[in-house]
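Student: return atomic coordinates for the entry below.
(chains A, B and C)
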Amino acid sequence: MPTEIEQVTMHGVPSHLPPVVSVSKTHGRAAQQDPAWLRYSLIGTAMAIIGLLIIVPVVSVFYQAFAAGPGVYWKNLTGDSDTRHSIYLTFLVVPVSVAANVVFGVAAAWAITRFRFPGRTLLTTLIDLPFAISPVVAGLMFLLLFGMQGYFGPWLREHHIKIAFALPALILVTTFVTLPFVARELIPVMEAIGSDEEIAAISLGANGWQMFWRVTVPNIKWGLLYGVILCNARAMGEFGAVYVVSGHIAGQTDTMPLRVEKLFQEYNNPGSFAVASLLTSLALVTLFIKIVLERKTQQELKEAAEPQAST
Amino acid sequence: MMNTRRILPGMRISLSITLFYLSILVLIPLIALFTKASSLTGEQLVKAVWTERARAAYLLTFGAAAIAAAIDTVLGLLLAWVLVRYEFPFKRVFDSLIDLPFALPTAVAGLVYSSLYVKNGWLGQFLVPLGIQGAYSRLAIVLVLTFVGLPFVVRTVQPVLESLDAELEEASACLGATRWQTFTMVLLPALYPALITGFALTFARAIGEYGSVVFVSGNMPFKTEIAPVLIVSRLEEFAYAEATAIAVVLLVASFAMLGVINLLERRTQAANSSAH
Amino acid sequence: MSIVVKNLTKHFGNFTALNDVSLEAPSGSLLALLGPSGSGKTTLLRIIAGLEGADRGLVLYQDEDVTHQSPKDRQVGFVFQHYALFRHMSVYENIAFGMRVRRKPQAEVDARVRELLHLVRLEGLGQRYPSQLSGGQRQRVALARALAVQPRILLLDEPFGALDAKVRQELRQWLRQLHDEIHLTTVFVTHDQEEAFEVADRVVVMRAGHIEQSGTPQEVFDHPATPFVMDFLGNVNVFHGRVENGMAMLGALNVAYPEYPHAESRQATAYVRPHELDIEHTPIGTSSLEVRVTQINPAGSVAKVRVFSEEFGLALNVDLNLERYAQLRIKTGDRVFVAPRNVRVFMPEAPDYVI
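Tutor: Predicted coordinates for the structure are as follows:
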């Protein structure tokens, strides 16, 4: 409980306005203060940890990518047709997976937060499940279904449908691995916002789609975007699952992370780091957007909490 | 919450989409996995999952994951403490950089970690002469898993530490406790649930990690081969049944971890809600 | 052990929380710091405990200067507004905490905890956790925990603030009894004047970082030193008017005011408590006001009557005891006369004013 200093009216009569100065926020409490030597050594250690584990590797990626100059870097990225294809493939697979997970995430969050039905908790657990499954195992599962020796393998071959070692499998596993992100982000947001506004919209005569687009979507947009960003980052970087189902056919089924590995295996370090630097830049952009969105979602949740608090 | 089934639209369509999607992507593949594993006889199963090479791989996978998770728990507590309690320049930048391991593709992490700790790498040039092999070794696996799991503990502990009432520390001080006693007897016990959850999340992630480890470990059977790498190499030999059997072992371990996490979260929530 | 505070000043940024505050709590007294939010009462309590440092001034326990001692060395019992119980510890361990950190032998800890559980009437609840207790029980655990370390003084921050009315009433009386038993110098903070007056033997009224008035509850209540104290201590009716020649002229009311014998007319404000107004069906003496009854609310031990004077555009609150109310048989809309039994007149301070 912060020590409150509330506004005092001119006559000294207390008014019940929110605190204008909060002691605990602007001034550390004496009993929480650590001695300076401890403070500085802990801050130093924390900076060293982040520096060694995170900053040095990131700088190193760019350093090694640009070691032979920007000209070579550009050539490494664009000169190799297999690398070009891997970039194209990643930018094809990721949006499809993310879009699928957005539709699923919104539907799942709607069902879970707006209705009560048996098996609701089980459903929530099922949504989390892909996080607990090793990507390699995920890839294996789809191979067992669609691979040559898989359960649907012979039937698919008969009908000349290629799933394993082809684009559909890449999309399937990427979607699987990133399945929880959007739903997990939306469920708490929609839970907090509650259904009052939606019920009001329906009672005013809106149909389902009108309610969804005019009330639900504006309320959850930042949380949704946040989920999309996380989902996108993971999809972009997915390696293990894609590795298992891709068959590593250069120029056909290699995504960017797989390309990084292949170039690395071929001892083409500059090429490998060039692709890695592109992925790292995307990660840094993701972080930046994430910070902005975090602030927005927190605001969304706070706004949702306020009217409840006043009743 | 009241039952809004009669008022709000979309129950049938949203639930249908959800169930259909989960069936196609999660349930059917999982069933395929367990069906495949159960097609092995008991003897074959044991032979597949309990070879000397597989045992070495499990030991390394779980051992390295546990060590990395333990390191991350200590580092995570320290980072969370510093970020919540102290002010320093570029604090926000440092705070957001902690999420980088979530955003950075694991292949990139593996690639750069393998290059940093070799003999002529940026860090290896100092460490290798001291006999510390930070690349293509078991240490390399622990290092990269520590990187991959770093955000989990920080992000579970940080909000709990932020919400701790300053009065707890003041009460402790008034009762005559030293700062250290307050930390060990009052603060740390309040953080245990978050620390354990963070540890479990890191551990679960580390067990399944493949992309980064495959770059840095060297993947030597019996020495630096982790279970996911073993699965892949069995697959490349087209030994699907064996690969599946090992996958089931990994899966069961991960599910157990998930169960523990859920249990802890529910307990923490219950404790928090009954206290107010 | 007495507590003396000398010339304390405390700023938070631009905000002055305490401005040159001095007070004394005699040994064994039970003192209430009373004031609205932002008056500095909690800051003062926290400085006495050492939880906050003062910018200027001294804090003494008896004759010992403790201004620069840390809270850990001051040996004070502090009860927090929201109790600050350690939720991962049982009631027993919460109470034992202060002795554990001093590494007292288990036998001594055990004996003391039992004694305190008895004192706060929580025998048998030692193994419960804070989350399993009611608000009032938590409050008593917090008090037992503070008392366990044999504190030199006891400080309580809004001790009953978070409790519902009934429990609050019980605990007040209990705290008073407890204090009479253990005679520990006690300071508590409250914004509730009833609480301060019922429990404390000295009341210090604070406002905007300084002390408005201090004294026994009777003194403060009967002789409020300033309009603020008057206003803060309860519902009052305010009359604006003038004073001259030993009289205060407040619209229809004229009362003697011998404190101001001068001829020069000055502005003044008069305050009358609701229970100090009387209602009659006929004019009372020369100074009564004709009003219309607008609302009657017989609530509890008094009937709260609201009246309105059309002539002066003035709404007044009158508290009648039920006997008198029954006798008068007034109803809404009646024309009646009100007259004060007691009036307090305050003049705005004027620096150029010379007696």
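Student: poorly predicted segments of the stretch 51-200 of chain B, please.
Tutor: Judged by pLDDT under 70, the stretch 51-200 of chain B has no weakly predicted residues.
Student: for chain A, what's its nearest residue on it.
Tutor: B:P105 (2.7 Å; C-beta to the nearest C-beta). The way it works is simple: take the backbone N, C-alpha and C, and place the C-beta from them, glycine included.
Student: okay, now that residue: neighbour count?
Tutor: B:P105 has 28 neighbours, counted by other C-beta atoms under 10 Å in any protein chain shown.
Student: now do B:V93
Tutor: Using other C-beta under 10 Å, B:V93 has 12 other residues around it.
Student: same deal with C:A326?
Tutor: C:A326 has 11 nearby residues by other C-beta under 10 Å.
Student: over to C:Q139?
Tutor: The number of residues near C:Q139, taken as other C-beta under 10 Å, comes to 27.
Student: which pLDDT value belongs to it?
Tutor: C:Q139 is assigned 91 on the pLDDT scale.
Student: distance check, the residue at minimal distance from the centre of chain B against B:A194.
Tutor: Ranked by distance to the mean C-alpha position of chain B (C-alpha atoms, centre = their mean), the top residue is B:T202 at 2.1 Å. Here B:T202 is placed at a distance of 12 Å from B:A194 (C-beta to C-beta, to the nearest Å).
Student: give me the residues contacting the strand or helix carrying C:S214.
Tutor: C:S214 is part of strand C:210-215 when elements are defined by DSSP states H and E. For strand C:210-215, the surrounding residues in contact (C-beta atoms under 8 Å, 6 or more residues apart in numbering or on different chains) are C:18-23, C:35, C:40, C:202-206, C:220, C:223-226, C:228-229.
Student: in strands, which of the residues you listed fall?
Tutor: In strands, judged by DSSP state E, the following of the contacts of strand C:210-215 are found: C:L18, C:N19, C:D20, C:V21, C:S22, C:L23, C:R202, C:V203, C:V204, C:V205, C:M206.
Student: dump the residues you listed to JSON lines, plus distance to chain B.
Tutor: Below are the ones in strands among the contacts of strand C:210-215 laid out as JSON lines (distance: C-beta to the nearest C-beta, whole Å):
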{"residue": "C:L18", "distance to chain B": "19"}
{"residue": "C:N19", "distance to chain B": "24"}
{"residue": "C:D20", "distance to chain B": "26"}
{"residue": "C:V21", "distance to chain B": "21"}
{"residue": "C:S22", "distance to chain B": "24"}
{"residue": "C:L23", "distance to chain B": "21"}
{"residue": "C:R202", "distance to chain B": "23"}
{"residue": "C:V203", "distance to chain B": "25"}
{"residue": "C:V204", "distance to chain B": "22"}
{"residue": "C:V205", "distance to chain B": "26"}
{"residue": "C:M206", "distance to chain B": "21"}
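Student: just the buried ones from the residues you listed?
Tutor: When burial is judged by neighbour count using 16 or more other C-beta atoms under 10 Å in any protein chain shown, the buried members of those are C:L18, C:N19, C:V21, C:L23, C:R202, C:V203, C:V204, C:V205, C:M206.
Student: pull the most distant pair out of those residues.
Tutor: C:N19 and C:R202 (20.9 Å; C-beta to C-beta).
Student: what's the local residue count around C:G77?
Tutor: By the criterion of other C-beta under 10 Å, C:G77 has 25 neighbours.
Student: my guess is it is in a helix, correct?
Tutor: No: judged by DSSP: H, G, I helix; E, B strand; the rest coil, C:G77 forms no part of a helix; its state is strand.
Student: just the pLDDT for it.
Tutor: Looking at C:G77, the pLDDT reads 93.
Student: contact partners for it?
Tutor: Applying C-beta under 8 Å, 6+ apart to C:G77 gives the contacts B:C174, C:L143, C:A146, C:L147, C:V149, C:P151, C:I153, C:L154, C:L155, C:L184.
Student: okay, domains of chain C per the record?
Tutor: C:3-232, C:237-354 (automatic domain parsing).
Student: can you redo those as CSV with distance to B:V160?
Tutor: Below are the domains of chain C laid out as CSV (distance: least, C-beta to C-beta, whole Å):
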stretch, distance to B:V160
domain C:3-232, 12
domain C:237-354, 46
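Student: would you tell me which one of those domains is buried the most?
Tutor: Among the domains of chain C, domain C:3-232 has the highest mean neighbour count (mean count of other C-beta atoms under 10 Å in any protein chain shown), at a mean of 19.
Student: which stretches of the stretch 101-250 of chain B form helices?
Tutor: Under the criterion DSSP state H, counting those that start in this stretch, helices of the stretch 101-250 of chain B are mapped to B:106-116, B:124-127, B:138-163, B:166-174, B:179-182, B:188-208, B:211-216, B:227-236, B:240-274.
Student: dump these to a markdown table, plus distance to C:Q137.
Tutor: As requested, the helices of the stretch 101-250 of chain B are exported to a markdown table (distance: least, C-beta to C-beta, whole Å):
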| stretch | distance to C:Q137 |
| --- | --- |
| helix B:106-116 | 52 |
| helix B:124-127 | 58 |
| helix B:138-163 | 24 |
| helix B:166-174 | 17 |
| helix B:179-182 | 25 |
| helix B:188-208 | 21 |
| helix B:211-216 | 53 |
| helix B:227-236 | 52 |
| helix B:240-274 | 14 |
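Student: same list (those helices) but as CSV, adding distance to chain C.
Tutor: What follows is these, written out as CSV (distance: least, C-beta to the nearest C-beta, whole Å):
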stretch, distance to chain C
helix B:106-116, 37
helix B:124-127, 41
helix B:138-163, 12
helix B:166-174, 4
helix B:179-182, 5
helix B:188-208, 4
helix B:211-216, 37
helix B:227-236, 37
helix B:240-274, 4
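Student: for A:T83, which of the ones you listed is the nearest?
Tutor: helix B:106-116 (14.0 Å).
Student: that closest one - contacts with which helices or strands?
Tutor: Applying 3 or more C-beta pairs under 8 Å, 6 or more residues apart in numbering or on different chains; DSSP states H and E, one finds that helix B:106-116 contacts helix A:56-65, helix A:217-237, helix A:256-265, helix A:269-310, helix B:138-163, helix B:211-216.
Student: tabulate those (CSV), appending distance to C:G50 and mean neighbour count.
Tutor: Supplementary listing: those in CSV, determined by distance: least, C-beta to C-beta, whole Å; neighbours: other C-beta atoms under 10 Å in any protein chain shown:
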stretch, distance to C:G50, mean neighbour count
helix A:56-65, 44, 20
helix A:217-237, 44, 22
helix A:256-265, 58, 24
helix A:269-310, 34, 18
helix B:138-163, 24, 23
helix B:211-216, 51, 29
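Student: lowest average pLDDT across these?
Tutor: The lowest average pLDDT among these, as it happens, falls on helix A:269-310, at a mean of 83.
Student: compute the inter-axis angle for that helix and helix A:217-237.
Tutor: With axes from the mean of the first three to the mean of the last three C-alpha atoms, to 10 degrees applied, the angle from helix A:269-310 to helix A:217-237 works out at 160 degrees.
Student: phi first, then psi, for the residue in chain C that chain A sits nearest to.
Tutor: Closest to chain A within chain C is C:P36: 3.2 Å, counting by C-beta to the nearest C-beta. Per-residue torsions, C:P36: phi -70, psi 170 (degrees, to the nearest 10).
Student: right, and it touches C:D192 too?
Tutor: No: using C-beta atoms under 8 Å, C:P36 is not in contact with C:D192, being 10.7 Å away.
Student: now for the two: what residues contact both?
Tutor: Residues touching both C:P36 and C:D192 (C-beta under 8 Å, 6+ apart): there are none.
Student: I am finished for the moment; much appreciated.
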